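**Student:** I would like the atomic coordinates for the input below:
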Amino acid sequence: MSVTDIGLLVIITLSLAFAIYDEFIVDGALKGKTRLKIGLKRQSRIDGLIFIGLVLILVYQNITNNGTVFTTTLLLILAFMALYLAYIRRPKFIFKADGFFYANVFIKYDRIKNMNLSEDGYLVIDLEKRRLLIQVQHLDDLQRIYNQFLENN
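**Tutor:** Numbers count the residues shown, from 1 in each chain. Prediction:
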């Protein structure tokens, strides 16, 4: 097994671990029961497409240069993982009893200093040192988020 194969295995393992964490662990047992889950709009789909295109170029190069079948298989698995993470997986805003998950980071409710709604449908949450810009898929979800914050304050 070459260094390239080991590197690909590490990247695939880490992306698979992230996918399992994001899909099952955050929503399930982590930080208590999920009270509300809201789908968010996807950001920067073109980045995923560029990465998948680059990996497919590597697959082509590996095949034309008579590379190993194992390396080609690992590259195709990496392309599939990138496809899943960029296009199939949906970003979520998950509310728990003590806080919420946004971008896979848990934020407690008491860290919120201010909340506003922008004209273009962004929910702006000001924390101590950071500002979160949250864009939901459906504008009706903003009312559900508002009600969830009222219940927890």
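
**Student:** all contacts plus neighbour counts: C-alpha atoms, from now on.
**Tutor:** OK.

**Student:** quick check: closest non-adjacent residue to Gly28.
**Tutor:** Thr34 (7.0 Å; CA to CA, 6 or more residues apart in numbering).

**Student:** the one you found: how many residues sit nearby?
**Tutor:** Neighbourhood size, Thr34 [other CA atoms under 10 Å]: 16.

**Student:** ok, now which ones touch the residue nearest to the spatial centre of the chain?
**Tutor:** Nearest residue to the geometric centre of the chain (CA atoms, centre = their mean): Pro91, 5.0 Å. With contact taken as CA atoms under 8 Å, 6 or more residues apart in numbering, Pro91 is in contact with Gly39, Leu40, Lys41, Arg42, Ala103.

**Student:** and Ile134, its phi and psi?
**Tutor:** Dihedral angles of Ile134 (phi, psi; degrees, to the nearest 10) stand at phi -110, psi 120.

**Student:** on that earlier part again, got a ChimeraX select line for the buried ones in the contacts of Pro91?
**Tutor:** Selection of the buried residues among the contacts of Pro91 in ChimeraX, burial being defined by 16 or more other CA atoms under 10 Å:
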select :40
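
**Student:** out of the contacts of Pro91, list just those in helices.
**Tutor:** Among these, no member is found in helices (DSSP state H).

**Student:** from the contacts of Pro91, which ones fall inside strands?
**Tutor:** Under the assignment DSSP state E, the contacts of Pro91 contribute Gly39 to strands.

**Student:** out of the contacts of Pro91, who's nearest Leu74?
**Tutor:** Nearest to Leu74 among these: Arg42, at 26.5 Å, using CA to CA.

**Student:** the closest one and Phe93, how far apart?
**Tutor:** In this view, Arg42 and Phe93 are 12 Å apart by CA to CA, to the nearest Å.

**Student:** doesn't Gln135 fall inside a strand?
**Tutor:** Yes: according to DSSP: H, G, I helix; E, B strand; the rest coil, Gln135 belongs to a strand.

**Student:** ok, back up a step: ok, the residue nearest to Gly28 - contacts?
**Tutor:** Asp27, Gly28, Ile94, Phe95, Lys96, Ala97.

**Student:** among the residues you listed, who's most crowded?
**Tutor:** Phe95 leads those on contacts (other CA under 10 Å) with 26 neighbours.

**Student:** that one against Phe101, yeah?
**Tutor:** Yes: between Phe95 and Phe101 there is a contact at 6.5 Å, judged by CA atoms under 8 Å.
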